[in-house]
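> Fold the following, please.
(2 chains)
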Amino acid sequence: MTKKARPSDLDGPTLAPLTARKSPSQDSWLGYLFILPGILGFLLFVAYPLVTSGYYALTEWNGATEPRFIGFENFRYLFQDDPSFWPSLKATGLFMVLSVPSGLLIGLLLAVLVNRNLPGIRMIRTVLYLPVVLPAVASLTLWKFIYNPDFGLANQMLGFLHLPTRLWLGDVNLALPSLVLIGLWGAGGSMVIFLAGLQAVPKELYEAATLDGANPTTTLLKITMPMMSPILFMQLITGMISALQAFSQAQILTRGGPNLSTNFLMYDIYVNAFENQQFGLATAQCWVLLLLIVALTVLVFRFSSTFVFAENEN
Amino acid sequence: MSQLTPTRPGQKSSQRSRTWTPAHVFSVVLLLLVCLTMLFPLFWMITTALKSNSAIYQIPPRLWPEEFHWENFINGFKAINFGKLFLNSSILAVLNVVGSVFSSMVIAYGLSRIRFPGRKVWFYIFIGSMMLPAIVTTVPLFKLFLSIGWYQTWWPLIVPAFLGNPFFIFLAYQYYFSIPLSIDEAARMDGANHWIIFTRIMVPLTRPVWIAMCVYAFQGSWNDYLNPLIYLPFSPEKWPLSVGMASFAGGFAGVAATRWNEFMATNLLYMLPSLVVFFVAQNHFMAGMGALSSRSSK
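This is a model prediction of the structure:
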């Protein structure tokens, strides 16, 4: 987390009063006793695997024998010889580019629409949020049925409109957008967070703007968007990170196909590790994923200073 | 969901306007259309669950089944040993909820109410580990669990929950912070130790946040697919519903042609607990979301 870029972010207001707080006594050992499960969890499930994965990435290891050190051979293989690695980067990148902006846009639009006092609005919000609550496996298998080329709902609706039917998940050009569409079904997730943000915008700002004769477009651009930019930014980052880790769609619906068009990086890692027993190679891919996430996050943080409005900036 | 943020006096103004401008009518119509679109796949699922097998392949399709085939629920139930899988998922969910919520509450208490050197560092470490993609740790953990004989057992799906969840620690930490420290001090005057302050004062006071955490933990465990898939691939009798349903749909082991009506019937049963928890704890769920976005990203 780059603290400098966003002083108002999660660490700022929460920790500032901490130092100022008086405490009844110094209970060092007690404090450590309380956080002991967390320390154990961090050492066992974060620190240890992180360090060892750095080593495994440099080994050839099939899970049965001991890992054999081979230097950067895994990375060389990935970037030069691996037939599925570049397609996996392409599919992941394309999925991110297609799904994140569209998901944010629809979530924001829905939030603006439901941020009013209409009759039954709570019910409408609940319905829009409903798909998010469903277990991923349940909704993905439902969509598998909907996309079925022979009798699926998607093709039957096209038939009803006298349009040519599609192969959906079987079509090289359509499989990835079909998965993006499933993601948009869950746009209620970002809607709820945007809604919370919209409701936190001080109403006085709108009242003052209305008194000054501002029209709705102006208030949207000059008040709502600047006030929402930190949330938009957070959503952008979390959206990108989760898009980079798309897995279940590929595993349940497409098996990475057709012709590797939905071979997401996470799915490729899963196949390499747990189906092909190439654990060293898979770990190397994990590091590529990690570096991608770090690089993108830093990039967006840098870029954010131009558009994120921070109320209490220095 | 109106509890997302406390109502302030200034907010009244938005509730005054009930006049139906064309913009209002337009947005209501648009919202209803969006709602219908969102609900239609679920409606399709329910009617499919009640159709006969031949009716599924009927073209053009019928929106409403000609006759209701309730036996799809029974046949689907038997086809994948649903009761056993449901029990597995339930046990895992209960253990995950209890483990992660309790440990995170304790850890967050230590970080926010006890003063000791290094607590800031540990706070940042816990929060920072939220950023790490789980897959990076998956392969080494797989080897670790394999070497201690936990492969094909439930331990890898249970034990990590008891050692704190960074997101929950963050949520609880934020919430503890809104409670005045003078309460602790008064309790300590009366001779209470930290454990008593935690169990008798903090746990009751933080009810909203730990209920929200329970909901999240339940959803997380009930929905988890990758971990059971990795650790239990050859133990169908230990599968949770997520892996069982994916297998039933032919996604996992390429099981023979699916009877979609029976599948949708069991899929509905699989969804049901998630829906029930959501509707029962809806306000807490949304409050957690609200707290997350309004406190952390504002």
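> Give me the neighbour count for the residue nearest to residue B:150 when sequence neighbours are not counted.
Among residues not flanking residue B:150 along the chain, residue B:156 sits closest, at 5.4 Å (C-beta to C-beta, 6 or more residues apart in numbering or on different chains). In short, each C-beta sits where N, CA and C put it, glycine included. For residue B:156, the neighbour count with other C-beta atoms under 10 Å in any protein chain shown is 21.
> Does residue B:156 touch residue B:143 like I think?
No: checked against C-beta atoms under 8 Å, the pair residue B:156 and residue B:143 is beyond contact range at 11.6 Å.
> what residue ranges in chain B are flagged as low confidence?
Scanning chain B with the threshold set as pLDDT under 70 gives B:1-19, B:59, B:250-258, B:285-298.
> how near is the residue nearest the centre of it to chain A?
Residue closest to the average C-alpha location in chain B (C-alpha atoms, centre = their mean): residue B:219, at 1.8 Å. Distance from residue B:219 to chain A, counting by C-beta to the nearest C-beta, to the nearest Å: 7 Å.
> Phi, psi for that residue please.
phi -60, psi -40 (degrees, to the nearest 10).
> re earlier: now the helix or strand where the residue nearest to residue B:150 lies, how far from the centre of its chain.
Assigned by DSSP states H and E, residue B:156 belongs to helix B:155-158. Offset of helix B:155-158 from its chain centre (C-alpha atoms, centre = their mean, to the nearest Å): 17 Å.
> got a pLDDT number for residue A:314?
We have a pLDDT of 40 for residue A:314.
> brain fart, residue A:279
Here, the pLDDT recorded for residue A:279 equals 91.
> looking at it, it is touching residue B:139, isn't it?
Yes: assessed by C-beta under 8 Å, residue A:279 is found in contact with residue B:139 at 5.4 Å.
> Find residues that contact each of those two.
Residues touching both residue A:279 and residue B:139 (C-beta atoms under 8 Å, 6 or more residues apart in numbering or on different chains): A:56, A:273.
> and the two? which has more neighbours close in?
Taking other C-beta under 10 Å, residue A:279 and residue B:139 do not tie; residue B:139 has more neighbours (28 against 24).
> With chain A in mind, check whether the helix or strand containing that one reaches it.
Using DSSP H and E, residue B:139 sits in helix B:134-147. Yes: applying C-beta under 8 Å from any C-beta of the partner chain, one finds helix B:134-147 touching chain A at B:134-144, B:146.
> Which of those residues has the largest number of neighbours?
In terms of neighbours by other C-beta under 10 Å, the residues of helix B:134-147 next to chain A top out with residue B:139 at 28 neighbours.
> Now do the contacts for that residue.
The neighbourhood of residue B:139, defined by C-beta under 8 Å, 6+ apart, consists of A:49, A:53, A:56, A:273, A:279, A:282-283, A:286.
> Those residues: which ones sit near chain B?
Contacts with chain B within the contacts of residue B:139, counted by C-beta under 8 Å from any C-beta: A:49, A:53, A:56, A:273, A:279, A:282-283, A:286.
> so where do the strands sit in the stretch 151-298 of chain B?
Shown for the stretch 151-298 of chain B, no strands are assigned by DSSP state E, counting those that start in this stretch.
> repeat for the stretch 51-200 of chain A
With DSSP E, counting those that start in this stretch as the criterion, the stretch 51-200 of chain A has strands at A:59-60, A:68-69.
> Could you pull up the mean pLDDT of the first one?
Over the span of strand A:59-60, the pLDDT mean works out to 89.
> Any idea how far that strand is from the middle of the chain?
From the chain centre to the centre of strand A:59-60 is a distance of 30 Å (C-alpha atoms, centre = their mean).
> That strand - contacts with which helices or strands?
Applying 3 or more C-beta pairs under 8 Å, 6 or more residues apart in numbering or on different chains; DSSP states H and E, we find strand A:59-60 packed against strand A:68-69, helix A:73-80, helix A:279-304.
> Determine the set of other helices and strands touching the longest one.
The one in question is helix A:279-304. For helix A:279-304, the elements it packs on are helix A:48-56, strand A:59-60, helix A:73-80, helix A:225-244, helix A:265-270, helix B:134-147, judged by 3+ C-beta pairs under 8 Å, 6+ apart.
> Throw the ones you listed into CSV and include distance to residue B:40, thanks.
Shown next, in CSV, are the helices and strands packed on helix A:279-304 (distance: least, C-beta to C-beta, whole Å):
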stretch, distance to residue B:40
helix A:48-56, 43
strand A:59-60, 50
helix A:73-80, 42
helix A:225-244, 25
helix A:265-270, 28
helix B:134-147, 33
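> Could you measure from the closest residue to chain A within the stretch 151-298 of chain B over to residue B:269?
Closest residue of the stretch 151-298 of chain B to chain A, C-beta to the nearest C-beta: residue B:163 (2.9 Å). Per C-beta to C-beta, to the nearest Å, residue B:163 is found 32 Å from residue B:269.
> Those two: who's more crowded?
Shown here are residue B:163 and residue B:269; by other C-beta under 10 Å, residue B:163 has more neighbours (21 against 18).
> show me the contacts for that one.
By C-beta under 8 Å, 6+ apart, the contact list for residue B:163 reads A:37-38, A:40-41, A:44-45, B:103.
> that older thread, and among the strands of the stretch 51-200 of chain A, the most buried is which?
For the strands of the stretch 51-200 of chain A, the largest average neighbour count (mean count of other C-beta atoms under 10 Å in any protein chain shown) is found in strand A:59-60, namely a mean of 18.
> Go ahead and name everything in contact with it.
The contact list for strand A:59-60 (C-beta under 8 Å, 6+ apart) reads A:67-70, A:73-74, A:280-281.
> just the buried members of the residues you listed?
With burial judged by 16 or more other C-beta atoms under 10 Å in any protein chain shown, the buried subset of those is A:67, A:74, A:280-281.
> can I get the residues you listed in a markdown table with distance to residue A:183?
Formatted as a markdown table, the buried ones among the contacts of strand A:59-60 follow (distance: C-beta to C-beta, whole Å):
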| residue | distance to residue A:183 |
| --- | --- |
| A:67 | 37 |
| A:74 | 31 |
| A:280 | 32 |
| A:281 | 28 |
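> Next, count neighbours for residue 155.
All of this refers to chain A. Counted with other C-beta under 10 Å, residues neighbouring residue A:155 total 21.
> think we crossed wires, I meant chain B
Neighbour count for residue B:155, taken as other C-beta under 10 Å: 14.
> And for the one 3 residues further on?
Using other C-beta under 10 Å, residue B:158 has 16 neighbouring residues.
> if we can go back for a sec, disregarding residues adjacent in the polypeptide, which is nearest to the residue of the stretch 151-298 of chain B closest to chain A?
residue A:41 (2.9 Å).
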